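Peer 1: give me the fold of what follows.
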Amino acid sequence: MNESGKLNLPAFDVKLKRDDKGRVKIYDILRRRYVRLTPEEWVRQHFIHYLIEEKGYPKSLLVNETQLSLGDKKLRCDSVLLGKDGKPCMIMEYKAPTIALTQKVFDQISVYNMLLHVDYLVVSNGMQHICCKMNYEAGTYEFLEEIPILYGKEG
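Peer 2: Numbers count the residues shown, from 1 in each chain. Coordinates of the predicted model:
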């Protein structure tokens, strides 16, 4: 977390607790359990709540910590948004607020996309959020001004 824990994302009702070893844990609404609080996890939880509460993404179509296999190599996506057909349509990668969003971060999410072939790639360090829309026909991608609304916001 940055010094104040403040991110460039809306606040939400954070649920924290300490485990028997004194480590702080945060409740993950997607995994339905408390997970160890790290700077990256702080960003993930804020971003997921932002997608659900502000962008209207259905909680049932979001998954945290998805494991992928590329040959004998195991990869782990921070978060994935599924389409209504159940296929991945957006990959999200989170970094701690102190980590710059560099080409290396995009290279990491691009490897995941070689397996998933999604429409949108998103990286966030909680302070800066970058989203690009893939155009596979043209072999290009376009950076978007903001995270798109892909589902109608529920009332």
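Peer 1: pairing partners for the spatially most central residue of the chain in the sheet, please.
Peer 2: Geometric centre of the chain, nearest residue: M92, 3.5 Å, by CA atoms, centre = their mean. Assessed by DSSP bridges, M92 has beta-bridge partners S79, V122.
Peer 1: distance of it from G139?
Peer 2: 23 Å (CB to CB, to the nearest Å). No exception for glycine: its C-beta is placed from N, CA and C like everyone else's.
Peer 1: show me what contacts the residue nearest to the centre of the chain?
Peer 2: Shown in contact with M92 (CB atoms under 8 Å, 6 or more residues apart in numbering): F47, C77, D78, S79, V80, L81, V122, V123, S124.
Peer 1: same question for H49.
Peer 2: Contacts of H49 (CB under 8 Å, 6+ apart): L9, P10, F12, I29.
Peer 1: 7 Å instead?
Peer 2: F12 (CB atoms under 7 Å, 6 or more residues apart in numbering).
Peer 1: and it, what's its pLDDT?
Peer 2: For H49, the model assigns a pLDDT of 97.
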